[in-house]
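Asks: coords below, sequence missing:
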């Protein structure tokens, strides 16, 4: 191609780009906003419709009339006209600001605050998360990825996964310690012969150097997270961590970008329980939640509520902010439909000068000051004057709790539906359907975990049955079992086979979330990854309020609040409707003189707190 031709093509491309940019600028009105609510210069995004509009035009939610006089629908806020039904900076009244979580945009619809998540983020409760990457909301809200032995949980393209850490290797979809596993000794699938053990990645007659023989695996119990201090004692780890063992005691290592905070691994830039530093808990006002952005505490009001001086209120009924932030009704007046008046409108009732419907208000449900209780992953609700709960997206109401039925083996697809365990494996739940997760070296065949090297009905592959008179040995049908024992045509090692432990047909059992094991012909059990052995039970110490962070550590109740265990730390997950979370207590900021209107705002001297005002 000649120099002149290249110049002409380049000039034409430049003209084409200029033409495209000019055409885009001229025709941007009404086009969809880009990711993050971005429009070209001179335009703003109307997030309620997700379209670009000209700055200052009637479609600009933050702009009022430009004719010099406000329209009938507008009010004057700080000298400018504003539509309180659409303006997120003055939603429901002047100064009432709508908020949004990280990766979200605040909107005002019919005078009520809400938010929309920017693409590619999706709303999960009061947060905007990337379902393609979030291991606690992987592919759907509430779908938590489980870690594996030797690996931390991860989410890739909406599918749970993990990366094995040395000395573990990926073998058939799980992480295996090839330095000690007798069924994958030195490499995946390299099984040691009957009676042999796996020591330092090689098959041997016995374990050396004081190592324990744990079902044919030679283990240094002082450092093994799978057998820490004793055979079968598997260490658990919180989200974002990998289990470790040191001096026969369980511990964990936080993933990159996480900070160890007590029993959890926190992102101190975004964790409201450890915001900026471990233990720095963000306060949450009534009708709102605490958030953390760049290590700084922030408040996000619930849908329908706006922020006024750190409190989350409704300008339609709050007597201290009636029709606008800071506009208080006089003594003897009530706030009804955003206006101070003498009596409440029909269908509403005077509750501390606020006109509310006791049929639907969770802070005054059925009667004034009757507050409904909330729960983790849900909010208090009131219908026909009776308290209830509304669960976040991805969660279902089971009794008084909001649970994810997608991956919980104790509530799989339905409340209380427990997935059964099986010898050689652990129960599993995926997409609301029960399944099994077989131990390394075993394969799922027809709902059972089998050893393809010895099963006469699954010899070498699922469904392959050995002819009568033959036995399955090393995955091949043969006429004898050698040093192994024949159990129903299968050649097994009764010293390690959990389905034939000590003798044929003696199957070992395990508690929920446990895996049956057999060592030296004696039954035992090992807890599934992420679970800890507490007595004869397998417990998730990252979420069990009776065993929070460690076995036997019980979370203490809090008056007016719901206490849960999150990542091994006891916390108040929600307060009853109308109460604010101040530190670790639920308080009424409308009457508490130590927390008047907002947390830690103390009324001086003998003043009292009335309707959130020190008097």
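Replies: Cool, the structure landed. None of these values were measured; they are calculated from a predicted model. Numbers count the residues shown, from 1 in each chain.

Asks: got any ranges where the stretch 351-500 of the chain has weak pLDDT?
Replies: 440-441 (pLDDT under 70).

Asks: quick one: the helices in the protein, in order.
Replies: 3-26 (DSSP state H).

Asks: which parts of it belong to which domain?
Replies: Per automatic domain parsing, the structural domains of the chain span 27-66+74-130, 151-266, 438-539.

Asks: including mean neighbour count and distance to residue 141, could the ones you listed go into JSON lines?
Replies: In short, each C-beta sits where N, CA and C put it, glycine included. Converted to JSON lines, the domains of the chain look like this (neighbours: other CB atoms under 10 Å; distance: least, CB to CB, whole Å):
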{"stretch": "domain 27-66+74-130", "mean neighbour count": "19", "distance to residue 141": "4"}
{"stretch": "domain 151-266", "mean neighbour count": "19", "distance to residue 141": "12"}
{"stretch": "domain 438-539", "mean neighbour count": "19", "distance to residue 141": "20"}
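
Asks: so which of the ones you listed comes closest to residue 351?
Replies: Smallest distance to residue 351 across those (CB to CB): 18.8 Å, for domain 27-66+74-130.

Asks: hang on, the earlier thing: could the domains of the chain go into JSON lines alongside distance to residue 574?
Replies: Below are the domains of the chain laid out as JSON lines (distance: least, CB to CB, whole Å):
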{"stretch": "domain 27-66+74-130", "distance to residue 574": "11"}
{"stretch": "domain 151-266", "distance to residue 574": "19"}
{"stretch": "domain 438-539", "distance to residue 574": "23"}
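
Asks: for residue 613, find the nearest of those domains.
Replies: When those are compared by CB to CB, domain 27-66+74-130 sits nearest residue 613, at 16.2 Å.

Asks: shaky segments in the protein?
Replies: Residues of the chain that meet the cut-off, pLDDT under 70, sit at 1-68, 147-149, 440-441.

Asks: closest to the centroid, which residue in it?
Replies: In the chain, the centroid-proximal residue (CA atoms, centre = their mean) is residue 136; its distance is 3.9 Å.

Asks: tell me, how many residues neighbour the closest residue in space to it that isn't next to it in sequence?
Replies: Counting by CB to CB, 6 or more residues apart in numbering, residue 136 lies nearest to residue 144, which is 5.2 Å off, once chain neighbours are set aside. As a burial measure, residue 144 scores 19 neighbours (other CB atoms under 10 Å).

Asks: could we number from 860 for the rest of this?
Replies: In the new numbering, first residue 860, that becomes residue 1003.

Asks: residue 1003: what's it in contact with?
Replies: Under the criterion of CB atoms under 8 Å, 6 or more residues apart in numbering, the neighbours of residue 1003 are 994-997, 1012, 1098, 1263, 1266.

Asks: and it, how far from residue 1408?
Replies: 18 Å (CB to CB, to the nearest Å).

Asks: could you do residue 1220 as well?
Replies: Distance, residue 1220 to residue 1408, using CB to CB: 37 Å.

Asks: of these two, who's got more company?
Replies: residue 1220 (24 against 19).

Asks: my read is that that one contacts residue 1241, right?
Replies: Yes: between residue 1220 and residue 1241 there is a contact under CB atoms under 8 Å: 5.8 Å.

Asks: overlap in contacts of the two?
Replies: With CB under 8 Å, 6+ apart as the test, residue 1220 and residue 1241 both reach residue 1436.

Asks: please tell me how far residue 1121 sits from residue 1227.
Replies: Separation of residue 1121 from residue 1227 (CB to CB): 40 Å.

Asks: sorry, wrong one. I was asking about residue 1161.
Replies: Separation of residue 1161 from residue 1227 (CB to CB): 20 Å.

Asks: contact partners for residue 1446?
Replies: Residue 1446 touches 1419, 1438-1439, 1453-1454, 1458, counting by CB under 8 Å, 6+ apart.

Asks: one more pass at 6 Å, please.
Replies: 1439, 1454 (CB atoms under 6 Å, 6 or more residues apart in numbering).

Asks: and residue 1017, by the same measure?
Replies: With contacts defined as CB under 6 Å, 6+ apart, residue 1017 is in contact with 990-991, 998.
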